[in-house]
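Chemist: No letters, just coordinates:
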């Protein structure tokens with residue numbers, strides 16, 4: 001097995017591992033959402049906020065892992081092409097040996113150039129993959145935006161027909177505001193009609 005083939009195996013293995021980790025994060029996210037629902041039912045808003053933040057963090061982690069897995073898979077595809085090209089170049093070299101010297105040197109030179117380009121591409125992609133892995137490591141301590149936490153709490157509550165007692169300044173009840181606005185407009189309209197009749 002050549003170094004290139006070993007790298008290809010490693011890349012495919014890494015892709016599978018990342019996908020497995022992403023699935024685990026998605027499961028963890030669902031567990032946190034279930035805890036969030038229970039906390040809302042019990043009126044434990046502080047706990048609910050914590051579970052909502054955890055669920056969002058797990059969701060972000062899963063997306064980052066899937067993104068990275070997709071990129072590693074793209075690198076694997078390029079390496080697969082390089083492995084195929086190396087096989088093709090070996091076959092071509094053995095065919096060329098039977099030809100005259102001029103043809104042989106021209107084709108081998110071309111094959112060698114193609115392989116150098118592929119190897120350079122692979123090295124560049126390898127560096128990029130390492131950078132991405134480092135970035136992923138740094139993103140694990142993500143802070144969760146407060147508005148996302150409140151929004152997820154509201155969604156879970158709505159999905160399960162629960163009422164959430166959130167601070168009105170944090171998350172205004174738009175439905176109540178809309179009804180109040182509608183009632184005010186009706187009153188204004190009635191006033192205008194009375195004024196016209198009078």
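Modeler: Perfect, I can see it now. As the structure is a computational prediction, the values presented were derived from the model and not from experiment.
Chemist: residue ranges of the helices in the chain, please?
Modeler: 3-41, 45-97, 101-139, 146-159, 174-197 (DSSP state H).
Chemist: looking at the ones you listed, which has the lowest confidence?
Modeler: Mean pLDDT is lowest for helix 101-139 out of those, coming in at a mean of 61.
Chemist: how's the protein carved up into domains?
Modeler: Domain ranges of the chain: 3-166, 170-198, per automatic domain parsing.
Chemist: What about residue 37, how many residues nearby?
Modeler: 18 (other C-beta atoms under 10 Å). Every C-beta, even on glycine, is put in place using the N, C-alpha and C of the backbone.
Chemist: can you check residue 53 too?
Modeler: For residue 53, the tally of surrounding residues (other C-beta under 10 Å) stands at 21.
Chemist: before we move on, what about residue 73?
Modeler: For residue 73, the neighbour count with other C-beta under 10 Å is 16.
Chemist: From residue 187, how far out is the residue lying closest to it once chain neighbours are set aside?
Modeler: Of all residues not flanking residue 73 in the chain, residue 15 sits nearest, at 4.7 Å (C-beta to C-beta, 6 or more residues apart in numbering). Noted for residue 15: a distance of 63 Å to residue 187, by C-beta to C-beta, to the nearest Å.
Chemist: okay, those two: which has more neighbours?
Modeler: Neighbours per residue, other C-beta under 10 Å: of residue 15 and residue 187, the larger number sits with residue 15, 19 against 10.
Chemist: Return the residues in contact with residue 55.
Modeler: 29, 32-33, 36, 152 (C-beta atoms under 8 Å, 6 or more residues apart in numbering).
Chemist: List buried residues within these.
Modeler: For the contacts of residue 55, a burial check counting by 16 or more other C-beta atoms under 10 Å picks out 29, 32-33, 36, 152.
Chemist: on that earlier part again, as TSV, the contacts of residue 55 with distance to residue 69 would be great.
Modeler: Output for the contacts of residue 55, formatted as TSV (distance: C-beta to C-beta, whole Å):
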residue	distance to residue 69
29	17
32	22
33	23
36	27
152	25
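Chemist: Done for today, thanks.
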